[in-house]
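1. Below: sequence and its predicted model.
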Amino acid sequence: MGIRGSVDSRLKVDVFLLTGRRFVDVLGHPHLSGGAVSRQWLSQNPRIEDETVSVLDALIVGAGRSGLRFLRAALVAQPAHVALRIRTVIDENRSRLTAIEGNSIACVSSLEDAICLGPYDLIVLCVNESRRYSVFEELAARGVATKRIISEKPLTETLTQAEFVERRFDGTPIVVNFVERASRVVSEFRNWLRDNNHVVKRATFFWGKNRIGDRRPTIGVLSELSHPIDLVLHLADVAPGSSYRVLAAHGTSSRLSSHTQVYDTLHIGITVENGPLIDGSSSYTWPSRDRRLLVFSGLPTGPATHLSVLIFDQPIWDLDSLHIFDLARDPGRMVDVHRLRIRAADIPEERLTIHKVTRFLETAIEELNRAPSGNLADLRQAMYVQRILHDIDVVAATTNRSWRDAFSNTAASKEVAIHHTEIAIRKMLLREPLQHEDYIWDDGY
């Protein structure tokens, strides 16, 4: 059930969201102040009926672009039978916490301080890859226990770091935010493949954007490449650990957005045992965002007979499309057989440009109390993708790496502004009315 109506009707300053079969209005209720839920009040409230509502306390690590997106998603998410409470947000840059401070969310600048304010049922890691491993290290060293860790993608900068996480957090459910899995066009396409007894024979992707001069630390386009690789493996139902081979990898590296030399463009080819051929290009030097996936499918024992085109985040985040063509019905022509296009009007306004991350967050919470759906990338899948990225890096570095620092004059030249998102978050926490443009957080990334 989507939340409609004004922001004032669904948010409370202490950021408590109670959900069940019906949305619960918790505005200003005295029993919810101070972070405690009155079970007596819940049982007497007819809008709860007889449902059991559990409370999850969450820590968000990082209050930059990703952290504010997860915070906003938490404010509108409706995981079934759960009250989600953001207890603490941490960022070493105190200025990033300005929009959040003054509410019942604790804002701290060190992980040590955040841990002291715990425990937490949910920890969301929104820091850059360059900081993520150190957070995992400190969580492990301090023996922090939690019901689930949500991490941005990829899991870490290097395979060695990821293998540490795999060893030390083997008993902790970890899911990685490969957000395209949460797109409606992906679920629609998976259903179409199943209903037509099709398997993925080959997939070609074009996945990139413009990050020239963006000073944020980055491991390069390997990070971007993780999205289409995971997505193809998901669509093709490739089990983590399946044998694969990197057939080719050509990379061009530069200092396009930092003082470190990283890949800004990669062209790769991979074959998966009993799975599809995967080829594609990913770059941070394209003029604008382009996320396209071409999937050739057919019956298990036959040739590819259909081409499916999936396009993501056009013209803004979350507005995705699926177009399926029959290649065999009239040879030489592509016959249109199925279409789906997500428009802004299909998404509740408060979820505009955060719809997929909100769906991801809801699923991650709900699956704590139910069998996995297979729609989330767990630790085994995250490690599988990490190993593929590592092997791509090895092949590109040893055989086909080009180097030309065409961007030295623009490197570290601009701070990516998040002022607009900070203002919107502040309005939400203060229960101030939002305008339509406040919900549009898309910025080309």
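-> Nice, I can see it. Numbers count the residues shown, from 1 in each chain.

2. mind listing the helices for the stretch 301-445 of the chain?
-> 355-366, 379-399, 419-429 (DSSP state H, counting those that start in this stretch).

3. What residues sit buried inside the longest one?
-> Neighbour counts over helix 379-399 (16 or more other C-beta atoms under 10 Å) mark 379, 381-393, 395-396 as buried. All C-beta atoms are positioned from the backbone trio N, CA, C, and that covers glycine.

4. Please name every helix or strand in contact with that helix.
-> Judged by 3 or more C-beta pairs under 8 Å, 6 or more residues apart in numbering; DSSP states H and E, the packing partners of helix 379-399 are helix 159-168, strand 174-176, helix 222-235, strand 244-254, strand 262-272.

5. Including distance to Ser54 and mean pLDDT, could the ones you listed go into JSON lines?
-> Output for the helices and strands packed on helix 379-399, formatted as JSON lines (distance: least, C-beta to C-beta, whole Å; pLDDT from 0 to 100):
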{"stretch": "helix 159-168", "distance to Ser54": "27", "mean pLDDT": "98"}
{"stretch": "strand 174-176", "distance to Ser54": "18", "mean pLDDT": "98"}
{"stretch": "helix 222-235", "distance to Ser54": "29", "mean pLDDT": "98"}
{"stretch": "strand 244-254", "distance to Ser54": "40", "mean pLDDT": "94"}
{"stretch": "strand 262-272", "distance to Ser54": "39", "mean pLDDT": "96"}
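
6. Between the ones you listed, which one is closest to Arg359.
-> Arg359 sits nearest to strand 174-176 of all the helices and strands packed on helix 379-399, at 12.8 Å, using C-beta to C-beta.

7. which strands and helices sit next to the closest one?
-> Using 3+ C-beta pairs under 8 Å, 6+ apart, the elements in contact with strand 174-176 are strand 148-151, strand 377-378, helix 379-399.

8. distance between it and the chain's centre?
-> Remark: strand 174-176 is offset 10 Å from the chain centroid, using C-alpha atoms, centre = their mean, to the nearest Å.

9. Tell me which other helices or strands the following helix or strand past that strand touches.
-> Using DSSP states H and E, the helix or strand that follows strand 174-176 in sequence is helix 184-195. Secondary-structure packing of helix 184-195 (3+ C-beta pairs under 8 Å, 6+ apart): helix 222-235, strand 306-311, strand 321-326, strand 335-341.

10. Save those as CSV, and put in mean neighbour count too.
-> Shown next, in CSV, are these (neighbours: other C-beta atoms under 10 Å):
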stretch, mean neighbour count
helix 222-235, 24
strand 306-311, 20
strand 321-326, 19
strand 335-341, 13
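
11. want to throw those into TSV with distance to Arg245?
-> Rendered in TSV, the data for the helices and strands packed on helix 184-195 read as follows (distance: least, C-beta to C-beta, whole Å):
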stretch	distance to Arg245
helix 222-235	14
strand 306-311	25
strand 321-326	29
strand 335-341	32
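
12. and of those, who's closest to Asp121?
-> Closest approach to Asp121 among the helices and strands packed on helix 184-195 (C-beta to C-beta): helix 222-235, 25.7 Å.

13. what angle sits between the closest one and helix 184-195?
-> Using axes from the mean of the first three to the mean of the last three C-alpha atoms, to 10 degrees, one finds that helix 222-235 and helix 184-195 are set 30 degrees apart in direction.

14. related to what we said a few turns ago, would you format the helices and strands packed on strand 174-176 as a markdown table with mean pLDDT and distance to Glu432 included?
-> Formatted as a markdown table, the helices and strands packed on strand 174-176 follow (pLDDT from 0 to 100; distance: least, C-beta to C-beta, whole Å):
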| stretch | mean pLDDT | distance to Glu432 |
| --- | --- | --- |
| strand 148-151 | 98 | 28 |
| strand 377-378 | 98 | 36 |
| helix 379-399 | 95 | 38 |
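
15. need those in CSV with distance to Arg65, can you?
-> Formatted as CSV, the helices and strands packed on strand 174-176 follow (distance: least, C-beta to C-beta, whole Å):
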stretch, distance to Arg65
strand 148-151, 15
strand 377-378, 20
helix 379-399, 21
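
16. of all the ones you listed, which lies closest to Gln261?
-> helix 379-399 (11.2 Å).

17. Touching the closest one from outside, list them.
-> Helix 379-399 is contacted from outside by 151, 153-156, 158-159, 162-163, 165-166, 169-170, 173-176, 178, 222, 225-226, 229-230, 233, 240-242, 244, 246, 248-251, 263, 266, 268, 270, 377, using C-beta atoms under 8 Å, 6 or more residues apart in numbering.

18. Quick one: neighbours of the closest residue to His234 other than its chain neighbours, just the number.
-> Residue nearest to His234 in three dimensions, not counting chain neighbours: Arg181, with 5.8 Å by C-beta to C-beta, 6 or more residues apart in numbering. As a burial measure, Arg181 scores 24 neighbours (other C-beta atoms under 10 Å).
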